[in-house]
Structure formats: structure tokens, C-alpha cells
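Student: here is a sequence with its predicted model. Questions after.
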Amino acid sequence: MNASSRTAPSAKPPLDDKPPPLCEGTPGYVNLDHAATTPALVVVKQAVEAALPYYGGVHRGSGLPSELSTELYQRCRLEVLQFLGGDALRHVVVFGRNTTDLINVLSHSIAFEPGDVVLVTGLEHHSNDLPWRRVARVVRVEADAQGGLSEDAVEACLKRHQGRVRLLAVTGASNVTGYMPDIGLLADLAHRYGAKIFVDAAQLVAHRSLRLVTGERELDFVAFSGHKMYAPFGSGALVGARESFEQRPPFASGGGTVSVVTPDRQSWLNAPHRQEAGTPNLLGAVALARACRALTSLDLRVVAERERTLTRRALRGLRAIPGLTLYGSPDLELRRDRVGIVPFNLQGVEHGEVAEALALDHGIGVRSGCFCAQPLVTRLLGRPELSSLEYLALTRSLRNQPDGRMPGMVRASLGLCTSEEDIDRLCRALAEIAADPRPSRRRDERRRQRRAEIARLIMGVFAP
Ligand code: ALA
């Protein structure tokens, strides 16, 4: 179901040394921020360009573009289902803007009763935590000090709240540490205690194969975003059993969600239409579906092995830098699989400063901060939970300082086209920053150059 259960020999040709080409327009720039967003695959761009001349209103017209677009949209759902090994008779694909959007859709699709519990883990992105707080009682299974998750702790929690837990909401891979919970085992546990499982696969699907059904096991709900899997066209997909989406009125209502409307009544369409208010993002769906197909055509075991090799290289290189602290599992050999995400801090240099130095002085893009996962980052930093007074003081001070920064860390995240040279450049750059953390004399000038370059590129976007 996750990488650990994917060891069967593959009939696919091995991935050669050349990863599939990407649309990247910044020569010399090293992108180590794939966990935030990925560039587009060239084949994704080509698919969008091929669909564009025929773009019409899905379910909204009788002309050729509209009819074609309606069929194409349906085809996109099938591609997504195939990508996850779903069953077109039982499963439904709901398209939305991104994983966050779709978790909100899902949270309003489940008919929670008062007192129902959603179990979340301490590894979650805010998007797989906050939406549940609005619809159910959220109980948290904490991460351990390295950001790992104990299945025993999950089981203890399921037992403690037995009969009340409707859903276990868990990430497929942490966006902070790359840690991959054993999704198969967690699905078994959730089901044993009468709960369903939702997997936030945003950080997983571009790195490892994920199947909805493996033998007797089934994941109830899975969601992921196009912009983290080389299809950044504003779409994401949520997949689950059809009947799960037909219990409640939709999260967003409007055109496309209803069959009959009178001045005071309306009847909702079946899924997935009920969940997709407004004219659908056909081109986003095309991009997502084409990326699914492209990833399916790769041998993801080879992709994973290459990513692990590069991650080990990064971990070894960074560990050797004086004053650098790595977060997450101390297992630098990756005996337990994880996706290529490496979080760290440099002693005496604020995380945002490190990210800026990497960007301006070394041409390397990373992300710094809390990565929309404040509970996990706080835990990894070893900081105590805030008291109510501290919480109030902090929220007040940050409200008055738009650029006020929370304690955080720096994150390098790998993608399909990351190379050994990219990793070595990161290590060399960090060694230099560690040796002399003062902003370089040319920093201001480089910032100005950066602003000018951005202005020129934006002009280029609107020039034709
Ligand atoms: N959730 C994305 C990240 O981790 C945006 O950067």
C-alpha cells in the first residue's frame, strides 16, 4: 500500500539517467523546494496546450468544445483512478483546487454526529488538522521527538475512544521531515476499530507509488495536489467510495451541484458533481491526469532509490557542517524509507536568514519557517507547548508585525530532477554560511538585481 509493500518486480523499463524534462526557466538556479511546489513536466504543458484550442464548458453546452471538454474531464477522472488503482464502479474522483480545498470538501461530506472523533497525528500539515476541528472533536496522537509516529500510540488512542472515532486522518509523508507512516498498518488499525482512514498524499504521490486497494486492504480516502506532482495548474483530486460523498449537502453549493431547484428547495446531484460547484477547472484536471500518467510510466522504485541515494548524500554532507542541526530521524542511512526532505538549522543564524543567503548568495531555493506544520516543528525544535498567556502574547505581537517570524527551520526538498551536483552545491553553500554567517557585502546589490530580474520576467509574461 505504501513503499514498504512495493517490492514486486516491475515489468516497466528502468528509468534511465535522464529524468523526464521539466519546464524550468532559470538556468543556474538550484530548486530544492519541491515540497512546496514543483515545476511542470514538459508533457503536462503539452497536454494543456493540446486541450486549450478545444476548451469549452464542461456539462455546459452542446457545441463541439463543450462536448469534447465534458468527455475529456471524465477521462481525467479515469486517469486519476488508474494512477491509484481505484475501481471506476465503486470509487469516485472529486476534482478541486488542491489538497487543502479537498480536505475541506471531505470534512463536510462525512455526516459526523455530536461527540464523533477524528484522530489526527502530530505529523500533520495544518490543512489536515484545522478543517477537522470545525466538524468533529479532534484527538491528536503526538509525534515522537524525531517526528516519527508510533502505531502502538495510534492503537491506544483508537482503543481509548473506541466507538467514537470516525476517521483517522494521516499524512502519507511528512512535509517537514519526509517521514512516511506505515499507511497499510494504520489502515488495518483504523478498520479494526471501526474507523475510516484518510491519507493526505500531497507529499507522497510524486515520490512513491500509492494504491487505494492492496489485497484485502483499502484506503477510504486519498487526496493530493497537482502542484506537488509536476502539474501546477490549480487542481487536486480527492478519491473515495462513491456513497461516502452522498450523505450530506456539499461544502460549496452553486451551479453544477443540483438537479432540481425551486425558489425554496433544491436536490443535490450525486458525487462527484455535488462536490464540484461552478465551472470545473478542466485544464487543471488535464494537467493533473497527464502527470498521473507520466508518473505511472516511470518505475517509481527507481525514482525512490535515486531519491534515497541523494537524500543520504545530503544528510552526510550537512551533518559534517559545524553548527548544523538536522531534524527528523537520526537514521542517516535511511534504513526506514522516507521521501527526500531534509530539515535543519544553523546555529546562530535565523532560519529566514539562512534561506535568504542560500537564495541570494548561492542561487539555491529552499523554504524556511514552520511549513504550515507548527505543532510538529515546535516539537522537533524541542520547544514546550505555549501556555495560554504565551499564546496570547505571541499572537498579539505577530498580529502587529506582519513580518514577525515564528521559530522555525530550513527545509531542502528533492524532486525528480535533483542531481548530485545540486546537493553538493547546497552543502558547500551551507559550509560557507556556517563559516561566516554575516550577510555578504553584495547582498543588498543582489537583492536589487533579484527585484529587477523579477520585474523583467513579469513584463515578459504579459509582453506578447
Ligand atoms: N505545504 C507546502 C509545503 O510544505 C506548501 O511547503
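Tutor: That came through fine.
Student: assign a three-state SS to the residue in the stretch 351-464 of the chain that the ligand sits nearest to, would you?
Tutor: With CB to the nearest ligand atom as the measure, Phe371 is the residue of the stretch 351-464 of the chain nearest to the ligand, at 4.3 Å. Quick note: C-beta positions are derived from backbone N, CA and C, even for glycine. Local secondary structure at Phe371 is given as coil here, using DSSP: H, G, I helix; E, B strand; the rest coil.
Student: do I have it right that it meets Asn175?
Tutor: Yes. In terms of CB atoms under 8 Å, Phe371 counts as a neighbour of Asn175; the distance is 5.5 Å.
Student: joint contacts of those two?
Tutor: Between them, Phe371 and Asn175 have 35, 125 as joint contacts when contacts are counted by CB atoms under 8 Å, 6 or more residues apart in numbering.
Student: pick out whichever of those two has more residues nearby.
Tutor: More crowded of Phe371 and Asn175, by other CB atoms under 10 Å: Asn175, with 28 against 23.
Student: what residues does the stretch 101-250 of the chain put near the ligand?
Tutor: Taking CB under 6 Å from any ligand atom, the part of the stretch 101-250 of the chain that reaches the ligand is made up of 125, 175.
Student: go again with 5 Å.
Tutor: Where the stretch 101-250 of the chain comes near the ligand, counting by CB under 5 Å from any ligand atom, the residues are Asn175.
Student: show me where the stretch 101-250 of the chain has strands.
Tutor: In the stretch 101-250 of the chain, strands defined by DSSP state E, counting those that start in this stretch lie at 117-121, 137-141, 165-171, 196-200, 213-214, 217-218, 221-225, 236-241, listed in chain order.
Student: does the ligand have contacts with stretch 373-388?
Tutor: No. Interface with the ligand: stretch 373-388 contributes nothing (CB under 5 Å from any ligand atom), its closest point being 7.2 Å away.
Student: quick check: end-to-end length of that stretch?
Tutor: Taking CA to CA, to the nearest Å, the span from the opening residue of stretch 373-388 to its closing residue is 19 Å.
Student: so for the residue in the stretch 1-150 of the chain positioned nearest to the ligand, what's the nearest residue that isn't a sequence neighbour?
Tutor: Ranking the residues of the stretch 1-150 of the chain by distance to the ligand (CB to the nearest ligand atom) places Ala36 first, at 3.5 Å. Counting by CB to CB, 6 or more residues apart in numbering, Arg367 is the residue found nearest to Ala36 once chain neighbours are left out, at 5.2 Å.
Student: which residues sit in contact with the residue positioned nearest the centre of the chain?
Tutor: Closest residue to the average C-alpha location of the chain: Ala202 at 2.6 Å, with CA atoms, centre = their mean. Under the criterion of CB under 8 Å, 6+ apart, the contact list for Ala202 reads 98-99, 125, 171-172, 175, 223-225, 228, 236.
Student: sorry, back to before: same list, the strands of the stretch 101-250 of the chain, but as JSON lines with mean neighbour count and mean pLDDT please.
Tutor: Formatted as JSON lines, the entries for the strands of the stretch 101-250 of the chain read as follows, by neighbours: other CB atoms under 10 Å; pLDDT from 0 to 100:
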{"stretch": "strand 117-121", "mean neighbour count": "26", "mean pLDDT": "98"}
{"stretch": "strand 137-141", "mean neighbour count": "17", "mean pLDDT": "98"}
{"stretch": "strand 165-171", "mean neighbour count": "24", "mean pLDDT": "98"}
{"stretch": "strand 196-200", "mean neighbour count": "26", "mean pLDDT": "98"}
{"stretch": "strand 213-214", "mean neighbour count": "16", "mean pLDDT": "92"}
{"stretch": "strand 217-218", "mean neighbour count": "18", "mean pLDDT": "94"}
{"stretch": "strand 221-225", "mean neighbour count": "28", "mean pLDDT": "98"}
{"stretch": "strand 236-241", "mean neighbour count": "26", "mean pLDDT": "98"}
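Student: contacting residues for the residue in the stretch 51-200 of the chain that the ligand sits nearest to?
Tutor: Closest residue of the stretch 51-200 of the chain to the ligand, CB to the nearest ligand atom: Asn175 (3.6 Å). Applying CB under 8 Å, 6+ apart to Asn175 gives the contacts 35, 125, 202-203, 341, 371-373.
Student: which of those sit farthest apart?
Tutor: Comparing every pair within the contacts of Asn175 by CB to CB identifies Ile341 and Cys372 as the most remote, at 13.6 Å.
Student: of those two, who's got more company?
Tutor: Ile341 (26 against 18).
Student: who are the contact partners of that one?
Tutor: Taking CB under 8 Å, 6+ apart as the contact definition, Ile341 lies against 35, 173-178, 203, 328, 411-414.
Student: could you export the residues you listed as CSV, including distance to Ala271?
Tutor: As requested, the contacts of Ile341 are exported to CSV (distance: CB to CB, whole Å):
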residue, distance to Ala271
Ala35, 30
Ala173, 27
Ser174, 30
Asn175, 28
Val176, 32
Thr177, 34
Gly178, 33
Gln203, 26
Gly328, 38
Arg411, 36
Ala412, 39
Ser413, 33
Leu414, 36
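Student: filter those residues to the buried ones?
Tutor: Buried by 16 or more other CB atoms under 10 Å: 35, 173-178, 203, 328, 411-414, out of the contacts of Ile341.
Student: and stretch 393-412, what's buried?
Tutor: Of the residues in stretch 393-412, those buried by neighbour count under the rule 16+ other CB under 10 Å are 408-412.
Student: closest one to Arg217 out of those, please.
Tutor: If you rank the buried residues of stretch 393-412 by distance to Arg217 using CB to CB, Arg411 comes first, at 31.4 Å.
Student: give me the distance between that closest one and Cys157.
Tutor: 28 Å (CB to CB, to the nearest Å).
Student: wait, a helix at Thr311?
Tutor: Yes. Residue assignment for Thr311, taken from three-state DSSP, places it within a helix.
Student: that one: how many residues sit nearby?
Tutor: Applying other CB under 10 Å, we find 24 other residues in the vicinity of Thr311.
Student: for the residue lying closest to it once chain neighbours are set aside, grab phi and psi.
Tutor: If the residues on either side of it in the chain are set aside, Thr311 comes closest to Gly340, at 4.5 Å by CB to CB, 6+ apart. Comment: the main-chain dihedrals of Gly340 come out as phi -80, psi 70, following degrees, to the nearest 10.
Student: okay, now Gly340: neighbour count?
Tutor: 26.
Student: thought it was touching Leu414?
Tutor: Yes. Gly340 sits in contact with Leu414 when judged by CB under 8 Å, with a separation of 3.2 Å.
Student: what is in contact with these two at once?
Tutor: Here Gly340 and Leu414 share the contacting residues 34, 307, 310-311, 314, scored by CB under 8 Å, 6+ apart.
Student: dump the residues you listed to JSON lines, plus distance to the ligand.
Tutor: Written out in JSON lines, the entries for those read as follows (distance: CB to the nearest ligand atom, whole Å):
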{"residue": "His34", "distance to the ligand": "9"}
{"residue": "Glu307", "distance to the ligand": "17"}
{"residue": "Leu310", "distance to the ligand": "19"}
{"residue": "Thr311", "distance to the ligand": "16"}
{"residue": "Ala314", "distance to the ligand": "17"}
